[in-house]
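A.B. asks: Predicted structure and sequence below. I'll ask about it afterward.
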Amino acid sequence: MFSVCSECGEYRPDQIVDPDGPYTVCPECGHRRRFRSLPLFLVGGASGCGKSAVSHALLGEFDEVVVLDSDILWRPEFDQPDDHYREFFETWLRMCKSIGQSGRPVLLFGCGFSVPNNIESCVERRFFSAVHYMALTCDAGVLLRRLRNRPAWRTNSSSEYQVAQLEFNRWMREEAPLGDPPVSLIDTTRGGVLEAASSVRSWVQGRL
């Protein structure tokens, strides 16, 4: 496990990062270990904005990064809104850090991953050279229509859920780009999935 010191054996996910190596430094014994500090690319947005479709379009077509959808690790025990789903975000950052040790950065798609406040305070954030944020958005009427047309198993039909997604989409469009760090946007109201996927790819390549 990456968070276990190879010298003293202590589990310390809060290892100190020395950028000169870069190295991780064990807070217990001071042991230094070289690691790869790569950028991380996070794409989020409200349900219905096209995250899953775009991520699927990039699979097998974009070898410079490892493309993943955060839903593959979701389990009921992660549903902890009181602490803003902190353990889910920490788990994914730990996964992305470990994948990066093989030499390729991760492009991760997931609803809340485009909110910097969800990520920047995580313990695992320190292991990335940079974290880049993007959100897929669309017009409110288009988003509502997409949610209403989803199959019943998606459980997107309640008015409370739809209102929450509309508000999240509004926040992404109006406020997220003004934050620090800012969030880049791609509007999926018009144009197809392949066009949006191409835009995401260009965004990543410009930051590699």
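C.D. replies: In hand now; what should we look at?
A.B. asks: May I have the beta-bridge partners of the nearest residue to Ser6 once chain neighbours are set aside?
C.D. replies: Spatial nearest neighbour of Ser6, excluding adjacent residues (Cβ to Cβ, 6 or more residues apart in numbering): Arg33 at 6.2 Å. For glycine as for every other residue, the C-beta is placed from the backbone atoms N, C-alpha and C. Judged by DSSP bridges, the bridge partners of Arg33 are Thr24.
A.B. asks: residues contacting Arg33?
C.D. replies: Arg33 makes contact with 5-6, 23-24, 26, according to Cβ atoms under 8 Å, 6 or more residues apart in numbering.
A.B. asks: Can you give the strand pairings for the longest strand along the chain, parallel or anti for each?
C.D. replies: The single longest strand within the chain, with elements called by DSSP state E, is strand 130-137. Using DSSP bridges, strand 130-137 pairs in its sheet with strand 39-44 (parallel), strand 184-187 (parallel).
A.B. asks: Dump those to CSV, plus mean neighbour count.
C.D. replies: Listed next are the strands paired with strand 130-137 as CSV, based on neighbours: other Cβ atoms under 10 Å:
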stretch, mean neighbour count
strand 39-44, 25
strand 184-187, 19
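A.B. asks: Kindly reformat the ones you listed as a markdown table containing distance to Leu59 and mean pLDDT.
C.D. replies: Putting the strands paired with strand 130-137 into a markdown table (distance: least, Cβ to Cβ, whole Å; pLDDT from 0 to 100) gives the following:
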| stretch | distance to Leu59 | mean pLDDT |
| --- | --- | --- |
| strand 39-44 | 14 | 98 |
| strand 184-187 | 18 | 98 |
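A.B. asks: Show me the helices in the chain, by range?
C.D. replies: Remark: helices assigned in the chain by DSSP state H are 51-58, 86-100, 116-119, 140-148, 159-174, 193-205.
A.B. asks: Output the ones you listed in a markdown table; the columns should cover mean pLDDT.
C.D. replies: Formatted as a markdown table, the helices of the chain follow (pLDDT from 0 to 100):
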| stretch | mean pLDDT |
| --- | --- |
| helix 51-58 | 96 |
| helix 86-100 | 97 |
| helix 116-119 | 97 |
| helix 140-148 | 94 |
| helix 159-174 | 95 |
| helix 193-205 | 97 |
